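[1] predicted model follows, preceded by the sequence.
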Amino acid sequence: MTRDEELLHIDHVIDRQDVRYPDLPRESIEQVVHSAHEHFANRKVRDFVPLLVERLAREKLQALVPT
C-alpha cells in the first residue's frame, strides 16, 4: 500500500466514524483518527494500518459518546 492509498483509507475511516457518531463534531473525529494513525506511524508493515486505526479510533470515540 502506498502512502497516498493509506491516507485515502484514513479519510474513509473518518467518514465512516462521522456517520457512526453523528453527535460528535467532525473535528473531534478527525483528531481522534489522526491520533490513532500517528500511533502506528513507525510500523513497518502498513497493510493493516487503516484497519487498526479504525478499531482504535472507534474505541476512543465510543468513550466520548455521552450515555
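    In hand now; what should we look at? Residues are numbered from 1 along each chain as shown.
[2] going forward, measure contacts and count neighbours with C-alpha atoms only.
    Will do.
[3] and the spatially most central residue of the chain, how far is that from residue 18?
    By CA atoms, centre = their mean, the chain has its centre lying nearest to residue 33, at 3.1 Å. In this view, residue 33 and residue 18 are 11 Å apart by CA to CA, to the nearest Å.
[4] Provide the secondary structure category for residue 45.
    Following DSSP: H, G, I helix; E, B strand; the rest coil, the label given to residue 45 is coil.
[5] tell me the buried residues in stretch 58-67?
    Residues of stretch 58-67 classed as buried: 58, 61 (neighbour count, 16 or more other CA atoms under 10 Å).
[6] got a list of contacts for it?
    The contact list for stretch 58-67 (CA atoms under 8 Å, 6 or more residues apart in numbering) reads 17, 21, 23, 24, 29, 32.
[7] just among those, which is most surrounded?
    residue 29 (24 neighbours; other CA atoms under 10 Å).
[8] alpha carbons only: can I get the longest helix belonging to the chain in PDB?
    In the chain, ranked by residue count with DSSP state H as the criterion, the top helix is helix 3-20. The C-alpha trace of helix 3-20 is given here as PDB (Å, rounded to 0.1, in the frame of the first residue of the first chain):
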ATOM      1  CA  ARG A   3       1.300   6.400   1.400                       C
ATOM      2  CA  ASP A   4      -1.400   8.000  -0.700                       C
ATOM      3  CA  GLU A   5      -3.500   4.900  -0.600                       C
ATOM      4  CA  GLU A   6      -3.100   4.700   3.100                       C
ATOM      5  CA  LEU A   7      -4.200   8.400   3.600                       C
ATOM      6  CA  LEU A   8      -7.200   7.800   1.400                       C
ATOM      7  CA  HIS A   9      -8.200   4.800   3.600                       C
ATOM      8  CA  ILE A  10      -7.700   7.100   6.700                       C
ATOM      9  CA  ASP A  11     -10.100   9.600   5.100                       C
ATOM     10  CA  HIS A  12     -12.600   6.800   4.600                       C
ATOM     11  CA  VAL A  13     -12.200   5.900   8.300                       C
ATOM     12  CA  ILE A  14     -13.100   9.500   9.200                       C
ATOM     13  CA  ASP A  15     -16.100   9.400   7.000                       C
ATOM     14  CA  ARG A  16     -17.400   6.100   8.500                       C
ATOM     15  CA  GLN A  17     -16.900   7.300  12.100                       C
ATOM     16  CA  ASP A  18     -18.600  10.600  11.200                       C
ATOM     17  CA  VAL A  19     -21.700   8.500  10.200                       C
ATOM     18  CA  ARG A  20     -21.400   6.200  13.200                       C
END
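[9] cool, thanks, signing off.
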